[in-house]
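Colleague: Give me the fold of what follows.
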Amino acid sequence: MVEKLFRYIEGFLKIEISGKSVERFINICRNQNIRIWNITISESCCNAYIRLSDFRKLKPILRKSNTKVRIKERRGFPFFLFLYKKRKIFFMAMVCSVAVIFSLTHFIWKIEITGNSYYTDEILEEYLYVKHATLGTRKKKINTEKLRSDIREDFPDITWVSVYIRGTGLIIEVKEENHNLSEKTSDETGATDLIADYSGEIYSIVTRKGIPQVHYGSKVEKGDCLVKGLLPITDDSGETIAYEPVTADAEIQIKRTIHYQKSISFKESTFKRTGNKKFYPYYITEKNYRFLKSEKDFTGDSVADLIQFSLNIPRIPIKKIGIIQCEEIKKSLQIRNDKDCKKLLNTEFSLFYKNLGKKRVQISKNDVKIYKGENGLTAKGELEVVHPVGISSPSVIPQDKNIMQ
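Modeller: Here you go, the predicted model:
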């Protein structure tokens, strides 16, 4: 493999050798340490490969052996350069691109933080900025061991942390103490209830685990317990002495009423882009932002598209740079009749009905009607819907009772 690489860098040729003393030509080349390889012999000639530097030494050997040589193929880096000698700018740009990409691999261009919940990404990223471990920092300047110990020391609620560099990314993995006491209690006991997340009337209930607290036709309010996750254990006298924790599981449907209203005006303003554009470059520092053009140019009706780039480089106060592209829009007034408004209202209601279906909501009663007003049509009314209900919540454990694990 190494030899092939050197051949490519130096350049080599495929030659055709013809004449009466081809064997003598090959023997003389070997005696003078001129290497030829991949020799193939046919009836009238011989084909072989030879280095470019050795090819320049063949003239006296050809005269002595009374043979002739013809070049069939040219391969290697020197011929590649010759092929693109008229495209020097392209070749230089390619070399510069490779050099720039190679140099950029020595910097951090991605920070990935995982396992954090109590400390947000913004808090940890600001801490990394203070420690000079932000985007654009040279990888050699980041001491991962020191950074790991500093995070453990400055954030007491982080129980474990790992800091390492992978490629051009700084990876930080942390584990925190659990600050949610209710979840801790639930994990210790394993008992969870099903509570109502909507108010309404129970339409159906099928309990798999737990003790149901409601039945068909029961009126419930949001937050009421539907299925308890504590199974009572009684003694011979029927007194509850302990509870067995379970994860409440049931299939419960609730029936409730929702209000629907949607209005369509007879007149509506529409906007159309004209194609006239203006660009406003700007930059943002830690304290304020500034436009590089006068803000007085923002006149008339226009729509803006934002193109923004982060620029988190140490010792540079500019945090972000960007361009606001403003395009002029033309305002016009659209007039609709009753038929057009009804069609739009029906389309809106169809989309609303379709979205309810995606959420497993069934409409059992539809009382939506269209009313005509001075400025347009309005579809409003009440819908009676049936859908699943119940979310998990940690069980409330009596203090004077034991939990059987």
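
Colleague: any idea where the strands of the stretch 1-150 of the chain begin and end?
Modeller: 12-19, 36-41, 45-51, 67-75, 110-114 (DSSP state E, counting those that start in this stretch).

Colleague: Remind me what the third one packs against, helices and strands.
Modeller: Packed against strand 45-51, as judged by 3 or more CB pairs under 8 Å, 6 or more residues apart in numbering; DSSP states H and E, are the following elements: strand 12-19, helix 22-31, strand 36-41. Any C-beta I mention is one placed from the backbone N, CA and C, and that applies to glycine too.

Colleague: could you dump these to JSON lines with distance to Ser392 and mean neighbour count?
Modeller: As requested, the helices and strands packed on strand 45-51 are exported to JSON lines (distance: least, CB to CB, whole Å; neighbours: other CB atoms under 10 Å):
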{"stretch": "strand 12-19", "distance to Ser392": "73", "mean neighbour count": "18"}
{"stretch": "helix 22-31", "distance to Ser392": "85", "mean neighbour count": "16"}
{"stretch": "strand 36-41", "distance to Ser392": "74", "mean neighbour count": "12"}
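
Colleague: Which one, of the strands of the stretch 1-150 of the chain, ends up nearest to Trp160?
Modeller: Minimum separation from Trp160 across the strands of the stretch 1-150 of the chain (CB to CB) falls at strand 110-114, 12.1 Å.

Colleague: what does that closest one contact?
Modeller: 121, 124-125, 128, 134-135, 168-174 (CB atoms under 8 Å, 6 or more residues apart in numbering).

Colleague: 7 Å instead?
Modeller: Here strand 110-114 makes contact (CB atoms under 7 Å, 6 or more residues apart in numbering) with Asp121, Leu124, Glu125, Leu128, Leu135, Thr168, Gly169, Leu170, Ile171, Ile172, Glu173.

Colleague: Weed out the non-buried ones from those.
Modeller: Leu124, Glu125, Leu128, Leu135, Leu170, Ile171, Ile172 (16 or more other CB atoms under 10 Å).

Colleague: Show me those residues that map onto helices.
Modeller: Leu124, Glu125, Leu128 (DSSP state H).

Colleague: Name the nearest residue to the last one, sequence neighbours excluded.
Modeller: To tie it back to what came earlier, the one meant is Leu128. Excluding the flanking residues, the one nearest Leu128 by CB to CB, 6 or more residues apart in numbering is Thr134, at 5.8 Å.

Colleague: Phi, psi for the one you found please.
Modeller: phi -110, psi -180 (degrees, to the nearest 10).

Colleague: State the distance from it to Leu124.
Modeller: 11 Å (CB to CB, to the nearest Å).

Colleague: One more: Ser18?
Modeller: Taking CB to CB, one finds Ser18 at 75 Å from Leu124.

Colleague: Could you do Gly390 as well?
Modeller: With CB to CB as the criterion, Gly390 and Leu124 are 36 Å apart.

Colleague: what do you get for Ala248?
Modeller: In terms of CB to CB, Ala248 sits 37 Å off from Leu124.

Colleague: now Thr144
Modeller: 15 Å.

Colleague: likewise Ser149?
Modeller: Distance from Ser149 to Leu124, counting by CB to CB: 15 Å.

Colleague: Likewise for Val206?
Modeller: According to CB to CB, Val206 and Leu124 sit 46 Å apart.

Colleague: Next: Ile17.
Modeller: Distance, Ile17 to Leu124, using CB to CB: 71 Å.

Colleague: Then Val2?
Modeller: In terms of CB to CB, Val2 sits 46 Å off from Leu124.

Colleague: One more: Tyr216?
Modeller: Separation of Tyr216 from Leu124 (CB to CB) stands at 51 Å.

Colleague: now do Cys29
Modeller: From Cys29 over to Leu124 (counting by CB to CB), the distance is 69 Å.

Colleague: quick one, helices of the stretch 51-200 of the chain?
Modeller: Under the criterion DSSP state H, counting those that start in this stretch, the stretch 51-200 of the chain contains helices at 52-55, 59-65, 77-83, 88-104, 121-130, 144-154, 181-189.

Colleague: now the stretch 301-405 of the chain
Modeller: So, for the stretch 301-405 of the chain - with DSSP H, counting those that start in this stretch - the helices run 338-358.
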